[in-house]
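Student: attaching a predicted model along with its sequence, questions to come.
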Amino acid sequence: MIAIGSDHGGYELKEALKKHLDDIGVAYEDCGCYDTNSIDYAVIAKKVCDSITAGKCDKGILVCGTGIGMSMAANKVKGIRAAVCGDCFSAKFTRLHNDANVLCLGARVVGVGLATEIVDLYINTPFEGGRHARRVAQIAAIEDGTFEG
Ligand code: RB5
């Protein structure tokens, strides 16, 4: 299941992406926001990330104006690897190489068509593992304060 959320700046794109997820039969949990009233992006980023770290959802999608605030907030949560993607190549490789578990999108950067293609790649591309697993483990070690690289 995918945890999806946005601030007010990403609300309309989130709603369009929910429709796409419905169309392709992918289950999601909508962590808000639920209208275009102003809401701080960190509030929603925390909700989506908590859903992932609790094991309720295995991936997340966060949408704000640029995707950047959401990614900064999400990457403060232990166990979260959030990637802002504005192109298909990045979406594919952040799954293959970084095992990203949160995709961040900028609603003021990408249109619905591109965002939908990015989401499809993000959902359908597996982690490659191998040498990339070592590198992802190094990210976790930095987070834990045990990195000795
Ligand atoms: C809200 O105006 C905007 O700052 C937010 O959506 C996001 O772009 C922050 O990174």
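Tutor: Done, it's in. Bear in mind that the values here come from a model prediction, so they are computed numbers and not experimental data. Numbers count the residues shown, from 1 in each chain.
Student: my read: residue 66 touches residue 108, true?
Tutor: Yes. The criterion here is C-beta atoms under 8 Å, and residue 66 meets it with residue 108 at 6.4 Å. For every residue, glycine as well, the C-beta is placed using N, CA and C.
Student: more neighbours: which of the two?
Tutor: Neighbours were counted for residue 66 and for residue 108 using other C-beta atoms under 10 Å; residue 66 has more, 19 against 11.
Student: quick check: phi and psi on the nearest residue to that one once chain neighbours are set aside?
Tutor: Sequence neighbours aside, residue 106 is the residue nearest to residue 66 in space, at 4.1 Å (criterion: C-beta to C-beta, 6 or more residues apart in numbering). Torsion angles at residue 106 (phi, psi; degrees, to the nearest 10) stand at phi -100, psi 110.
Student: which pLDDT value belongs to residue 106?
Tutor: With respect to pLDDT, residue 106 has a value of 99.
Student: what residues are bridge-paired with it?
Tutor: Counting by DSSP bridges, residue 106 is bridged to residue 64.
Student: doesn't residue 71 make contact with it?
Tutor: No. Assessed by C-beta under 8 Å, residue 106 is found out of contact with residue 71, at 9.6 Å.
Student: and the two? Which one has more around it.
Tutor: A direct count of neighbours by other C-beta under 10 Å for residue 106 and residue 71 places residue 71 higher, at 25 against 22.
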